[in-house]
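Peer 1: pasting the sequence and the predicted model now:
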Amino acid sequence: MKSLWREIEKKHTKKNRYYHNLSHLEHLYTQLTKVKDEIQDWEMILFALFYHDYVYNILKQDNEEKSARKAVAVLKQLKVEENRIALCKKIIVATKGHNTSKNNDVNYFTDADLSILGMEWEDYNIYFKQVRKEYKYYPDFVYNKGRIKVLQHFIAMPRIYKTDYFYATYELKAKENLQQEVDLLSK
């Protein structure tokens with residue numbers, strides 16, 4: 001088990017990880033513990049947490065799928081039941097689009113993953129600057145255009161958060177933060 005953690009730690013402490021690092025995992029864990037009583041399979045939630053950003057390459061579009069494949073391989077080695085492996089895979093892949101799922105564990109996980117959007121401005125400001133560092137290879141005119149498109153997508157959603165807890169806790173602040181970042185990028 002220690003070797004699995006060392007592998008996860010190594011991936012999340014690479015030089016190019018400014019946001020998708022161990023601090024992100026810790027933030028996600030903190031958010032998920034707030035709704036732990038609502039979660040059906042806590043162990044698979046934790047496993048998904050550790051592996052959801054295992055593969056992270058800003059130039060690729062299949063990070064979630066590759067991360068899920070890694071998690072599935074490890075879970076199979078650990079002889080975990082197929083239905084639980086499928087749940088872990090579903091959770092990880094869901095972080096790609098953050099769409100509503102019929103499985104509430106998936107919804108809690110993706111909401112927790114997006115909870116940074118609804119933090120106080122000081123924390124959100126750090127977050128979006130870290131994301132920008134991860135995308136440092138793109139010039140501002142390219143990055144800003146793409147980032148604004150993503151931010152406006154979230155702003156336009158009727159609800160960013162699918163679960164009542166995260167909606168009530170973070171929705172309004174998230175939309176404010178997203179709009180404030182759009183305004184900054186549009187200058």
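Peer 2: Ah, there it is. Residues are numbered from 1 along each chain as shown.
Peer 1: you'd agree residue 178 is up against residue 155?
Peer 2: Yes: assessed by Cβ atoms under 8 Å, residue 178 is found in contact with residue 155 at 5.1 Å. The way it works is simple: take the backbone N, C-alpha and C, and place the C-beta from them, glycine included.
Peer 1: quick one: which of those two has more around it?
Peer 2: Counted by other Cβ atoms under 10 Å, residue 178 and residue 155 do not tie: residue 178 has more neighbours, with 24 against 16.
Peer 1: ok, now how distant is that one from residue 18?
Peer 2: 19 Å (Cβ to Cβ, to the nearest Å).
Peer 1: what of residue 109?
Peer 2: 22 Å.
Peer 1: okay, those two: which has more neighbours?
Peer 2: residue 109 (29 against 18).
Peer 1: quick one: residues contacting the residue most central in space within the chain.
Peer 2: Centroid check for the chain by Cα atoms, centre = their mean gives residue 113 as the closest residue, at 3.7 Å. Residues near residue 113 by Cβ atoms under 8 Å, 6 or more residues apart in numbering: 28, 52, 95, 98.
Peer 1: show the contacting residues for residue 48.
Peer 2: Going by Cβ under 8 Å, 6+ apart, residue 48 touches 71, 88, 91, 92, 109.
Peer 1: tell me which element it falls in.
Peer 2: helix 42-51 (DSSP states H and E).
Peer 1: what mean pLDDT does that helix have?
Peer 2: The pLDDT scores in helix 42-51 average 97.
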